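K.L.:
Predicted coordinates and the sequence they were generated for:
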Amino acid sequence: MSIRVALDATPELVASTGVARYSRELRLALSRRSDCEVSGFALGRRVERVPAGVRHVPVPLRAIHVAWQTLGLPSAERIAGQVDIVHSLDLIPPPTRLPLVITVHDLVTRELPSLHSRRARKMQRRQLAGLERAAAILAVSGSTAESLVDIGVDPRRIHVTPNGLTRLPPPVEPPIEGPFILAVGTLERRKGHDLLLRAFAAARLQGLRLVFAGPTAGRSEELQMLAGELGLRERLLILGRVDDAALAGLYRAATVFCMPSLGEGFGLPVLEALAAGLPVVASDLPAIRELAGGVAELVAPGDVDALAAGLRRMLDGDSLRRRCREQGPSRASRFSWEATAAATVGAYRTALERAHSAGSLTVDRPHTLSGR
């Protein structure tokens, strides 16, 4: 029997984050299956064009969240139509009387509160409170699943459904002269771009540039100023957001990829770099360790000296770089969106069975905020 699922594709209205890629790729992979019918919906103002087949409610998200919290309206099924199950892909889950599935990408806002805004912390608290009414919880890595268990979530409700590898389009040659170290991701504080600048300066790497690709999050000027203080102003290039063809070109042209993040739930750019055969230096976080499977140089998170030493080892070690180039694509090939979709449908079936055995699941509105 085909499962009819209401899928909250709201992240795709922004389309500049890993969660947006997860939403798009999972939605498309589910749509290709014969055992699943997807009714996508998206809420709030948009930056990107609304995807084909996705219903858009152009009401500000803040207003929708207030209505959800106070009135329990509009329900997901009222927006999406006749469905069997509701899947929330990011942060605050919608009200519904149907079995609810929630994807948790990470708990970094809770784990690193000083690096996030008050609003971001509040939204994650609401998501975690919403887990109480979820029939199934999807974690994008074993590391995220363990973090959920650590805060008291019943492991029997958690399903590990790792992200997949997106096949990027033919690469566009980047307009960058000479070798460079590449970092991909939003320039938010937890991504550690300031640490990378300091490590790059400490390592005294001659003849190399630093290239940051990803939404600037309002920090471009701040990082440029730091680069100037470190004597790196002419060696730092901040590209901002790039499309997939340009991203593919950057992965192909870079000398080393670096992710100096302080917290991750998965690490999609690491997966993409591995697939491109690009040597990776990254923070030794549980999720990155799980993803890389030994095909990367991992260093202590937040340690400038360790990061500088890791960069030097990678750049000076011909055999290390060769091993990464040879083994990276094979490691990355283990992750596919088809496998993600299959595991997700399995979780849907479990959620429906659990709801059926417990009687009807009737939830009028989200629970109030939890102090967890």
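P.N.:
Yes, it's here. Numbers count the residues shown, from 1 in each chain.
K.L.:
ranges for the strands of the stretch 1-150 of the chain?
P.N.:
Taking DSSP state E, counting those that start in this stretch as the criterion, the stretch 1-150 of the chain contains strands spanning 3-8, 36-43, 54-57, 85-88, 100-104, 136-139.
K.L.:
ugh, wrong one, the stretch 151-300 of the chain
P.N.:
In order along the chain, the stretch 151-300 of the chain carries the following strands (DSSP E, counting those that start in this stretch): 158-160, 180-184, 209-213, 236-240, 256-259, 280-283, 297-299.
K.L.:
okay if I get those as JSON lines plus mean neighbour count and mean pLDDT?
P.N.:
C-betas here are computed from N, CA, C, even on glycine. Supplementary listing: the strands of the stretch 151-300 of the chain in JSON lines, determined by neighbours: other C-beta atoms under 10 Å; pLDDT from 0 to 100:
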{"stretch": "strand 158-160", "mean neighbour count": "19", "mean pLDDT": "98"}
{"stretch": "strand 180-184", "mean neighbour count": "24", "mean pLDDT": "98"}
{"stretch": "strand 209-213", "mean neighbour count": "22", "mean pLDDT": "98"}
{"stretch": "strand 236-240", "mean neighbour count": "17", "mean pLDDT": "97"}
{"stretch": "strand 256-259", "mean neighbour count": "26", "mean pLDDT": "98"}
{"stretch": "strand 280-283", "mean neighbour count": "26", "mean pLDDT": "98"}
{"stretch": "strand 297-299", "mean neighbour count": "21", "mean pLDDT": "98"}
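K.L.:
Out of those strands, flag the one nearest Leu320.
P.N.:
Shortest separation from Leu320 across the strands of the stretch 151-300 of the chain is recorded for strand 297-299, at 6.9 Å, computed as C-beta to C-beta.
K.L.:
returning to what we had before: may I see the strands of the stretch 1-150 of the chain arranged in CSV, with mean pLDDT as well?
P.N.:
Formatted as CSV, the strands of the stretch 1-150 of the chain follow (pLDDT from 0 to 100):
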stretch, mean pLDDT
strand 3-8, 97
strand 36-43, 96
strand 54-57, 94
strand 85-88, 98
strand 100-104, 97
strand 136-139, 98
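K.L.:
Any chance of TSV for these, columns distance to Asn163 and mean neighbour count?
P.N.:
As requested, the strands of the stretch 1-150 of the chain are arranged in TSV below (distance: least, C-beta to C-beta, whole Å; neighbours: other C-beta atoms under 10 Å):
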stretch	distance to Asn163	mean neighbour count
strand 3-8	16	24
strand 36-43	18	22
strand 54-57	20	16
strand 85-88	15	27
strand 100-104	10	26
strand 136-139	11	26
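K.L.:
can you list these in TSV and add distance to Ala309?
P.N.:
Rendered in TSV, the data for these read as follows (distance: least, C-beta to C-beta, whole Å):
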stretch	distance to Ala309
strand 3-8	43
strand 36-43	45
strand 54-57	47
strand 85-88	42
strand 100-104	33
strand 136-139	32
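K.L.:
can you tell me which of those comes nearest to Gly310?
P.N.:
When those are ranked by proximity to Gly310, the top entry is strand 136-139, at 27.7 Å, counting by C-beta to C-beta.
K.L.:
and the closest one, what does it pack onto?
P.N.:
For strand 136-139, the helices and strands in contact under the criterion 3 or more C-beta pairs under 8 Å, 6 or more residues apart in numbering; DSSP states H and E are strand 100-104, helix 142-150, strand 158-160, helix 337-357.
K.L.:
Distance to Ala67 added to the strands of the stretch 151-300 of the chain, as a markdown table?
P.N.:
Rendered in a markdown table, the data for the strands of the stretch 151-300 of the chain read as follows (distance: least, C-beta to C-beta, whole Å):
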| stretch | distance to Ala67 |
| --- | --- |
| strand 158-160 | 29 |
| strand 180-184 | 36 |
| strand 209-213 | 37 |
| strand 236-240 | 34 |
| strand 256-259 | 38 |
| strand 280-283 | 39 |
| strand 297-299 | 45 |
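K.L.:
Among the helices and strands packed on strand 136-139, which comes closest to Glu326?
P.N.:
Distance to Glu326, taken as C-beta to C-beta, is lowest for helix 337-357 among the helices and strands packed on strand 136-139, at 23.3 Å.
K.L.:
contacting residues for His159?
P.N.:
Residues in contact with His159 (C-beta atoms under 8 Å, 6 or more residues apart in numbering) are 136-139, 343-344, 346-347, 350.
K.L.:
how near is it to Arg21?
P.N.:
Taking C-beta to C-beta, to the nearest Å as the criterion, His159 is separated from Arg21 by 20 Å.
K.L.:
Ok, Ala199 next?
P.N.:
Taken as C-beta to C-beta, the spacing of Ala199 relative to Arg21 amounts to 27 Å.
K.L.:
the more surrounded of those two?
P.N.:
Higher neighbour count among Ala199 and Arg21: Ala199, with 26 against 20, using other C-beta atoms under 10 Å.
K.L.:
The residue nearest to that one when sequence neighbours are not counted sits in which helix or strand?
P.N.:
On the basis of C-beta to C-beta, 6 or more residues apart in numbering, the spatially nearest residue to Ala199 that is not a chain neighbour turns out to be Leu307, at 3.8 Å. Under DSSP states H and E, the secondary-structure element containing Leu307 is helix 304-316.
K.L.:
What helices and strands are in contact with that helix?
P.N.:
Judged by 3+ C-beta pairs under 8 Å, 6+ apart, helix 304-316 is in contact with helix 193-203, strand 256-259, strand 280-283, strand 297-299, helix 318-332.
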